[in-house]
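Asker: Whatever this is, show me its structure:
(3 chains)
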Amino acid sequence: MAFDLTDILLSILKIAIILGIWLNVTPIMVWVERRGSALIQDRPGPNRVGPLGLLQSFADALKFIMKEDIIPAKAHKWLYTLAPTFGLLPAITTIAVVPWGRSFTIPEMHLFGRTLFEGGRWFNPIVADVSAGILVIFALASLGVYGITIAGWASANKYAMFGAIRASAQMISYELSLTLAAVSVLLVAGSLRLTEVVAQQTNYYFVLFDFIKLPAWNVLSPAMWLSFIVFTVSAFAETNRLPFDFAEAEAELVAGYHTEYSSMKFALFFMAEYMAMATMSALITTLYLGGWDIPWYNEPATFLGFLLSFAAFLVKMGFLLFVFVWVRWTIPRLKYDILMRLGWKVFLPMAFINIVIVAAFIAARWI
Amino acid sequence: MEYAIFFVFAAIAVVFALLVVLHRNPVVGALSLVASFFALAVMYVLLEAPFLAALQIIVYAGAIMVLFLFVIMLLNLQHMAEPATRPVQQFLSYTSSAAFAIGLIYYLLKYAVFEALPSGFFAADARTVGIRMFEAYVFPFEMVSILLLAAIVGALTLSGRMTGSREKVPAPEQPGVEAR
Amino acid sequence: MIPTHYFLILSAILFTIGVMGVLTRKNGITIFMCIELMVNAVNLTFLAYARQFHDVHGVIFVFFIMAIAAAEAAVGLAIFISLFHHRDTIDVDEANLMHW
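Answerer: Residues are numbered from 1 along each chain as shown, chains lettered A, B, ... in the order given. Below you'll find the model as predicted:
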């Protein structure tokens, strides 16, 4: 197989951009979470370190690095150290199949006396456009259960073990409704690739008088409202965020599966949770909110169009991340048996019913 | 390039499979099997079946092995000391399986005739499999779903958790709210 | 393109490791994991031949094998759980009530 150098360099550039953004999500989200929750709870929040407390994340990172790293005596050393990386794996790798901008043609450039990108080169801002696109996300997200289970088991602590069993049971239950809710969207898009899901959402549902156009975002279609609700709530449950964070509830189980973790290992769990939140937000925008599409504007296939679409993607993702923080302080935590009952008896049937509704709409040619 | 990927992941698959067989702690064995399945999923991608690779990770590594791990952890099996196998049994099993492997590979390389791989795109994606599944293989498909239902009912019965088999204890009143 | 016999040899090696595990170990769960390893080796063989002959039937067969292996894992583990409840051990040599 012949690889040309430009392909490899562009892929490395795409990976660098995505990793750069995703690794920086955690410090930004820490600040947003603390100031946002302070705003909701009518208190100042961190405002000592830097203007508006913006450097608080650096102070936190410094604290994590300098803390003493304790491994409990009875813990299984290898698995105890390996567990946070298991948690990080889905958070970082699943973003590889999400398109984050409009694909465009890099124009021919003449630099340093050489002609680069002769004849223009098509740049598709997605790290890996595999044919089984969204299944890769579900596959890698289902590996996140191992991080929690091994963390709880390897800590040799019964509270950690309880928290781990509960959290992993919750995650595998809500994975089902997550997957089935996404199936409705895939039925409409007709493909597993996320690029085609977004491409289908760049059209318009109906055009009245030539200027009243409803963008074909999946959230605006009544056939998919149920699956939007199921997907969003399951995304909350998958990332172990309130109202579904019974497993790491500070008041009940000490700290759940990361009770015995300190310093950098705990920081890795922390990072994994925020990165999973960011990935889920990216996924919700791609499936339901139109991905990188700016409504009512036909982005040209140039670098400027790409930048605008990238900005739109980041704005939508940022809004959803704020919704994550907002819901945290609005809805009380669900008790564990109610949580499991919701997952199996309410959301799973809702996801199934939505698949039937979407199939009926497609058969009746309303979509 | 593909050969490099093949050899690296084949080595990973074999090493972790050996770890499953040889390590005494079943939790480490279960996790090594997950790693082995992951390497096998990469093999499936090399065989131009990315749909099945994703399915392998979703079903095997993400569901079946989680089930294994739950059973091992909840029954606290890692503390159970496994008695040593009798040396006669060990010797016989190692030698016979080694002989089996050598014979298999030798006869495979000697007698199998492989034509060149046909050119063109091999479509093993979700669309092709789905169309076949609902047209030609719809009967086995429905039978498998009934089989899965039977497996669920069987698993519930065997582990003794049928509803109504335990007497219901009334939940105590919960005073106060959960302070955050 | 990697020739098919590479995959077949890998599959043979994995299958043999599984057989070794089933014959040697006494922990029931470990034996069960080696059985899953054997099933996966067979899956690899099916897919290798599916690619060799560009036949989608191999892929569909693997699909069904995965579903059936999932059902088998669930029921098998339930059997082990009930064995554990009765005998307090998972050693398969202890499951000898029907021994002569």
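Asker: Show me what A:Ile106 is bridged to.
Answerer: When assigned by DSSP bridges, A:Ile106 has beta-bridge partners A:Arg121.
Asker: On the pLDDT front, check it for me.
Answerer: Confidence at A:Ile106, expressed as pLDDT, is 83.
Asker: Count the neighbours of it for me.
Answerer: Neighbours of A:Ile106 under the rule other C-beta atoms under 10 Å in any protein chain shown: 16. C-beta coordinates here come from the backbone N, C-alpha and C atoms, glycine included.
Asker: residues from the stretch 1-150 of chain A in reach of chain B?
Answerer: Within reach of chain B by C-beta under 8 Å from any C-beta of the partner chain, the stretch 1-150 of chain A has these residues: A:1, A:3, A:76, A:78-79, A:130-132, A:135-136, A:138-140, A:142-143, A:145-146, A:149-150.
Asker: what about 10 Å?
Answerer: Those residues of the stretch 1-150 of chain A that sit near chain B, judged by C-beta under 10 Å from any C-beta of the partner chain, are A:1-3, A:76, A:78-79, A:82, A:86, A:130-146, A:149-150.
Asker: of those, buried ones?
Answerer: With burial judged by 16 or more other C-beta atoms under 10 Å in any protein chain shown, the buried subset of the residues of the stretch 1-150 of chain A next to chain B is A:76, A:79, A:82, A:86, A:130-146, A:149-150.
Asker: Show only the entries of the residues you listed found in helices.
Answerer: Among those, the ones falling in helices (DSSP state H) are A:79, A:82, A:86, A:133-142, A:144-146, A:149-150.
Asker: Which elements pack onto the helix or strand that A:Val30 is a member of?
Answerer: Element membership for A:Val30, per DSSP states H and E: helix A:5-40. When contacts are defined as 3 or more C-beta pairs under 10 Å, 6 or more residues apart in numbering or on different chains; DSSP states H and E, helix A:5-40 sits against helix A:56-66, helix A:77-93, strand A:121-123, helix A:263-287, helix A:303-328.
Asker: Burial check on A:Ala156, number of neighbours?
Answerer: Other residues lying near A:Ala156 total 15 when counted by other C-beta under 10 Å.
Asker: Would you point out which residue of chain B is nearest chain A?
Answerer: B:Gly62 (3.0 Å; C-beta to the nearest C-beta).
Asker: so what's that residue closest to, chain neighbours aside?
Answerer: Ranked by C-beta to C-beta, 6 or more residues apart in numbering or on different chains and with sequence neighbours excluded, the top spatial neighbour of B:Gly62 is A:Ser142, at 3.0 Å.
Asker: What distance do you get for the one you found to C:Val59?
Answerer: Here A:Ser142 is placed at a distance of 21 Å from C:Val59 (C-beta to C-beta, to the nearest Å).
Asker: ok, now A:Leu308?
Answerer: Per C-beta to C-beta, A:Leu308 is found 41 Å from C:Val59.
Asker: now do A:Thr302
Answerer: Note on A:Thr302: its distance to C:Val59, by C-beta to C-beta, is 41 Å.
Asker: In chain C, where is pLDDT below threshold?
Answerer: Residue ranges of chain C with pLDDT under 70: C:100.
Asker: longest helix of it?
Answerer: Chain C, longest helix under DSSP H: helix C:56-87.
Asker: Mind listing what's buried along that helix?
Answerer: C:56, C:58-67, C:69-81, C:83-84.
Asker: how much distance is there from that helix to the middle of the chain?
Answerer: Relative to the centre of its chain, helix C:56-87 is centred 9 Å away, using C-alpha atoms, centre = their mean, to the nearest Å.
Asker: which one is residue 33 nearest to, not counting chain neighbours?
Answerer: Because you didn't say which chain, this covers chain A. In space, and not counting its chain neighbours, A:Glu33 is closest to A:Val325: 5.1 Å by C-beta to C-beta, 6+ apart.
Asker: Sorry, I should have been clearer: chain C.
Answerer: Sequence neighbours aside, B:Leu33 is the residue nearest to C:Met33 in space, at 5.2 Å (criterion: C-beta to C-beta, 6+ apart).
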